[in-house]
Structures are given as structure tokens and as C-alpha cells.
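> Build me a structure from this.
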Amino acid sequence: MFVTYNEDYDKAVKAAKKWKSVLIPGVFNSPIYDPRELEKRGEEECSDLELANVWTVVTRGEELIKKAENAIAIGFNEIEFHSASPNEKEFLQVCRKSVLPYLVSRYRNS
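Residues are numbered from 1 along each chain as shown. Okay, the predicted model is just below:
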């Protein structure tokens, strides 16, 4: 699950913008190898709204729990968080203090 977390929604979206290029159709087959060029093309070709539709943009741990529970409800039994949060330490603290304890206690034996 692609995740970006910050208490400020705009900061969370901004942190994930460097990943916009992966939303460009066929980008992995293109002859562009310079990450700066890929980032530029991503910014030109993908809106913040498109990014927010693909990435899980959250401002609270409860929102991340809800997204994980949605995935569990459709049959996923393993979830990995790929974070592009502006403050990774803060993201990990939220996961450690609230998200993972809740998910483990609720779904461990499921």
C-alpha cells in the first residue's frame, strides 16, 4: 500500500509528488533514465488529484487503519506500507503506537 502520512494533508501529498512519474502510462518502457527528468514529466503529466487517488494520503493513524481494514475486507492477509511520508520517523511512530497494535489485536487470528 503506497502511503504518505503527515498531520498536514498538503505536506503529505507534497512528499509523495516525487512518485508521480510511476503513474505515467508506459514510463517503465521509456528511454528516460534521469530521475530528475522522470520527476519533471510526472509533475507535468499527473495532477495532485490523480496522485491522491493512487496513494493513501492520511493525516491520522485511524485513517490508515481504515484503509488497511478495507484491504483485509476484500481478502488481503498481508499488507506492506510503502511510505513516502515527509517525516518517516513520525510515520513509524504512528504505526508503532496505534496502527500495528490495533491491526494485530483485531486480525491476528483471522
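
> Show me the helices in the protein, by range?
9-16, 35-45, 48-54, 61-73, 88-94, 100-107 (DSSP state H).

> I'd like to check which residues are in contact with the residue minimising distance to the centre of the chain.
Geometric centre of the chain, nearest residue: Val3, 1.7 Å, by C-alpha atoms, centre = their mean. Applying C-beta atoms under 8 Å, 6 or more residues apart in numbering, we find Val3 in contact with Trp55, Thr56, Val58, Leu64, Lys67, Phe81, His82, Ser83, Ala84, Ser85, Phe91. In short, each C-beta sits where N, CA and C put it, glycine included.

> Can you tell me which of those residues is nearest Asp34?
Nearest to Asp34, judged by C-beta to C-beta, of these is Ala84 at 19.8 Å.

> Any figure for the gap between that closest one and Val104?
24 Å (C-beta to C-beta, to the nearest Å).

> Between those two, point out the one with more neighbours.
Ala84 (21 against 9; other C-beta atoms under 10 Å).
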